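>>> need coordinates for the following:
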Amino acid sequence: MGTVRILGASLAGASAELVTIEARYEEDREAGRVDVLLTGLPDPVIRESRGRLLCALSANGLGVPPGRLYLNLVPAARRKSGEILDLPLLLGAAAAAGHLKRRAVERRLFLGEVGIDGALHAVPGGLAAALAARATGVDEVLAPRATALEAAWVPGVKAFGAAHVEDFVRHLVGSFPLEPLAPTSADNSPDMGLSVDDVRGQASGKLALAVAAHGGHGLLFIGPPGTGKSMLARRITTLLPAPSLPERLDITRVLSASGRWPGGLATARPYRAPHHTVSYAGLVGGGSPPSPGEITLAHCGVLFLDELPEFRREVLEALRQPLESGSITLSRAGRQLELEARFQLVAAMNPCPCGYMGHPRVPCHCPPTLVQRYRSRISGPLLDRIDLRVELAAPTLDELGNTALSTVTGGGSSGLLTAAGLRDQLARAAALQRERQGERRNCDLDAKALDRHAPLDSAARALLGKLAQKRGLSARAVQSLRCVARSVADLDGSEATTTAHLARALALRSPLL
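Now for the predicted structure:
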């Protein structure tokens, strides 16, 4: 038999890259054994697979006579990694030795780890690999059942699952065809039992949370310990809109490729809260082989950074590119890897090193120079990319002891800030936004889109000009204010962006530095 070509995949960050395995067998009875020559930059895990694959072939009646078995991974210049290539290597060898017809393994994607007895073990990245295969016109995936259940979620792809190599061999020769798997859902909701109602007081914080959840704006809470900063930040997931089907596929693909498959198609947005000791590679990604960091794991969801000034400066500065572009590019010797990182940044910090600056009951003894040094750990360019910066005051004893819910008045947002009330208000605001600009969120509006969807009258323009001059606002900050004002107007149910909305947007943007 000539050269057999069979399709597999290798993970690269949070995605998968297709790999073509070229298999060719030359019989040599005098050799006394099978020599396996594996080329194409395989990693140690793949190189190690030669022995167990020969054992699995023999255990399942697919033994290879003495001779030379050539296995080449294409493209040869790209490094491949992982046990995900076990199954296509085994079936490619079986086809090259004449046990399977060449056309039986063509135009199909094979994924999975194989044991020495032919048992199949699930591997991460089934959804990512299926998406890559569909892009090339391949519509069949054969993999261990758990991996195949991921792939089954890709529209237009038929996924077949099995527990043993023997099952796939029978399917490929037609003696016992398998049925395609139906996708199963999974509940990965991380906010069970959480509610904005858990936070006493903090009406301004809850309003800022609603504005951030509606418009997709970055949010920074500043306040003394115990004011509810972390509690409020954690509860933004209960106010965010449900992810769309493409977003659910993206979330599941990233989780799966990282070995965190939720057991079905993700239903909730991710919420990541790394500790401030996280490394550069841990936050943005890296390592060998490169793996996604926290910002990619938070893709289509929330990245919460508590004690923001305590993060290392180079780690924080690495956030600037993904906040702007929604992706991060890792450059390594010989290749570049682009990881998706479209996340919503929510952060919290104390007003000073001791934390009690402005506290009504606990005195602060930090000198002004120390406070300035502490706050300047957050650079101006990074702070400029955070739309909402809200200072929270310590709740009064009456608020802490009273079960009555917070209220806010003025500007069309008067009423109880209950979880149910906020969700109703957000649903109406989302409908207004969708009718005006489709699925595009306010945080994504550029200058032209703002002029089209959120025009300012002469009074509002004059106010914005005064604010820009008084505070020295950058062009990015001016655009950010307009986006936030549009979100405030949506929550008010207003089609026009007025001076009142602009003023409230400014109130949600503390200068800090």
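>>> low-confidence bits of this protein, can you list those?
Low-confidence segments of the chain (pLDDT under 70): 1, 185-192, 333-334, 397, 399-416, 512-513.
>>> tell me the centre residue of it?
Nearest to the mean C-alpha position of the chain, counting by Cα atoms, centre = their mean, stands His299 at 2.1 Å.
>>> identify the residues contacting that residue.
Going by Cβ atoms under 8 Å, 6 or more residues apart in numbering, His299 touches 14, 250-251, 254, 270, 340-343. Every residue, glycine included, has its C-beta placed from N, CA and C.
>>> from those, which ones fall inside strands?
The strands, defined by DSSP state E, take in Glu340 from the contacts of His299.
>>> out of the contacts of His299, who's nearest Asp444?
Nearest to Asp444 out of the contacts of His299 is Arg342 (Cβ to Cβ; 9.7 Å).
>>> picking that back up, next, the residue nearest to the centre of the chain: secondary structure please.
Recorded secondary structure, His299: coil (DSSP: H, G, I helix; E, B strand; the rest coil).
>>> can you check Leu53 too?
Per three-state DSSP, Leu53 ends up helix.
>>> so Arg33 sits right up against Pro66, yeah?
Yes: contact criterion Cβ atoms under 8 Å: Arg33 and Pro66 qualify, at 5.6 Å.
>>> out of these two, which sits in the more crowded spot?
Per other Cβ atoms under 10 Å, whichever of Arg33 and Pro66 has more neighbours is Pro66, with 13 against 10.
>>> pretty sure Leu232 is touching Phe221, no?
Yes: using Cβ under 8 Å, Leu232 is in contact with Phe221, at 6.4 Å.
>>> overlap in contacts, the two.
In contact with both Leu232 and Phe221: 205, 392, using Cβ under 8 Å, 6+ apart.
>>> ok, Tyr25 to Pro322 distance?
Per Cβ to Cβ, to the nearest Å, Tyr25 is found 47 Å from Pro322.
>>> next one: Leu219
Distance from Leu219 to Pro322, by Cβ to Cβ: 16 Å.
>>> tell me the domain ranges of the protein?
Here the domain parsing of the chain from automatic domain parsing is 4-173, 196-507.
>>> out of those, indicate the one that is most buried.
domain 4-173 (a mean of 20; mean count of other Cβ atoms under 10 Å).
>>> off-centre distance for it?
Counting by Cα atoms, centre = their mean, to the nearest Å, domain 4-173 is centred 28 Å from the centre of its parent chain.
>>> first-to-last residue distance for that domain?
End-to-end distance of domain 4-173: 16 Å, with Cα to Cα, to the nearest Å as the criterion.
>>> helices along the stretch 151-300 of the chain, start to end?
Taking DSSP state H, counting those that start in this stretch as the test, the helices found in the stretch 151-300 of the chain are 165-173, 203-215, 229-234, 245-257, 280-284, 294-297.
>>> which secondary structure elements does the second one contact?
Right, helix 203-215. strand 219-222, helix 229-234, strand 388-391, strand 407-408, helix 419-437, helix 475-492 (3 or more Cβ pairs under 8 Å, 6 or more residues apart in numbering; DSSP states H and E).
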